[in-house]
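J.: Structure for the following, please:
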Amino acid sequence: MKTFTMTNLLLLASITLFTACSNKTVEPEKQSVKVSIEELPMARTYPMPEPIVRDYVQNRTVSYYPNRTYRQRDYVRTPPPIVRHAHAPVPYQRDIARILNKIEWDAKKLLGKKYVWGATGPRTYDCSGFTQKIYRDAGIRIPRVSRDQARVGQYITFNQLRKGDLMFFDTHKKRTGKVTHVGIYLGNGNFIHASSGAKKIVIFNINEKPFYKKRFLWARRVVKPNAYLAMR
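T.: Numbering: from 1, shown residues only. Here you go, the predicted model:
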């Protein structure tokens with residue numbers, strides 16, 4: 001009986017001592033995890049496709065984005081639209097032909113309209129009012145009076161005349177070399193103008209009218225590939 005009692009007393013003393021030394025709560029150990037920089041997701045770069053286009057100005061092949069890279073979210077799958085310059089040979093030549101045909105067509109529609117000095121339409125015209133109206137309808141701005149119209153565009157001689165060129169004349173009784181009249185060349189020697197002599201808009205053949213051939217000064221070409229200075 002004593003043996004059992006002593007044993008129990010020793011056990012109780014051991015439990016009490018252990019509990020007294022363990023008043024603090026045991027917290028889980030905080031582990032720090034080291035991650036290599038190489039393991040982090042980085043922004044990857046992809047080469048931008050370089051669409052090949054034709055530069056009609058320099059007549060060479062170029063790319064839109066030479067030597068450039070983009071992040072993945074900036075990646076563009078389709079290139080920008082190709083903008084055709086006015087210097088492009090085939091499309092631009094078609095545009096010139098369309099403009100020249102419109103000039104001829106619109107001018108001929110006004111055949112027979114009365115000539116009135118200083119008039120700009122729509123029922124009566126003088127020579128420069130007529131040419132300004134025709135070119136304006138084709139999308140080309142030129143000055144109001146003939147002497148100012150004679151300063152724009154490319155200088156053209158008689159042998160270089162082409163459809164759509166502005167023809168300038170000195171119609172004074174005594175030739176002075178100053179511009180007083182203007183018409184539009186239609187090709188094959190024909191030109192259309194608001195004539196003060198005929199009192200209306202007419203077509204004359206310059207080879208059949210010695211007066212106008214002798215009084216011809218020069219022409220101007222405002223519809224041409226390298227001079228869009230008069231275009232809207």
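
J.: So what's the residue count around Arg144?
T.: Arg144: 11 surrounding residues under other CB atoms under 10 Å. Bear in mind the C-beta positions are built from the backbone N, C-alpha and C, glycine included.

J.: surely it meets Asp126?
T.: No. At 10.0 Å, Arg144 does not count as touching Asp126 under the criterion of CB atoms under 8 Å.

J.: what touches both of those two?
T.: Shared contacts of Arg144 and Asp126, defined by CB atoms under 8 Å, 6 or more residues apart in numbering, comprise Thr120.

J.: Tell me the buried residues in stretch 186-205?
T.: Using 16 or more other CB atoms under 10 Å as the test for burial, stretch 186-205 gives 186, 190-195, 200-202, 204.

J.: Among those, name the ones in helices.
T.: Among these, DSSP state H puts none in helices.

J.: Okay, and which of those residues map to strands?
T.: 186, 190-195, 200-202, 204 (DSSP state E).

J.: circling back to that earlier point, which of the buried residues of stretch 186-205 sits closest to Met167?
T.: The nearest member of the buried residues of stretch 186-205 to Met167, counting by CB to CB, is Phe191 at 5.4 Å.

J.: OK, contacts around the closest residue to that closest one other than its chain neighbours?
T.: In this structure, Phe191 finds its nearest non-sequential neighbour in Gly183, 4.4 Å apart by CB to CB, 6 or more residues apart in numbering. Gly183 sits next to 127, 131, 166-167, 169, 191-193, 204 when contact means CB under 8 Å, 6+ apart.

J.: quick one: which of the residues you listed is nearest Val152?
T.: Nearest to Val152 among these is Leu166, at 8.6 Å by CB to CB.

J.: partners of the closest residue in space to that closest one that isn't next to it in sequence in the sheet?
T.: Excluding the flanking residues, the one nearest Leu166 by CB to CB, 6+ apart is Arg220, at 4.6 Å. Applying DSSP bridges to Arg220 gives these bridge partners: Tyr155, Leu166.

J.: Test my guess that Arg220 contacts Val152.
T.: Yes. At 6.2 Å, Arg220 counts as touching Val152 under the criterion of CB under 8 Å.

J.: Reformat the contacts of Gly183 as a markdown table; add pLDDT and distance to Pro210.
T.: A markdown table is the format used below for the contacts of Gly183 (pLDDT from 0 to 100; distance: CB to CB, whole Å):
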| residue | pLDDT | distance to Pro210 |
| --- | --- | --- |
| Cys127 | 96 | 19 |
| Thr131 | 97 | 23 |
| Leu166 | 97 | 21 |
| Met167 | 97 | 15 |
| Phe169 | 97 | 13 |
| Phe191 | 97 | 14 |
| Ile192 | 97 | 19 |
| His193 | 97 | 16 |
| Phe204 | 95 | 11 |
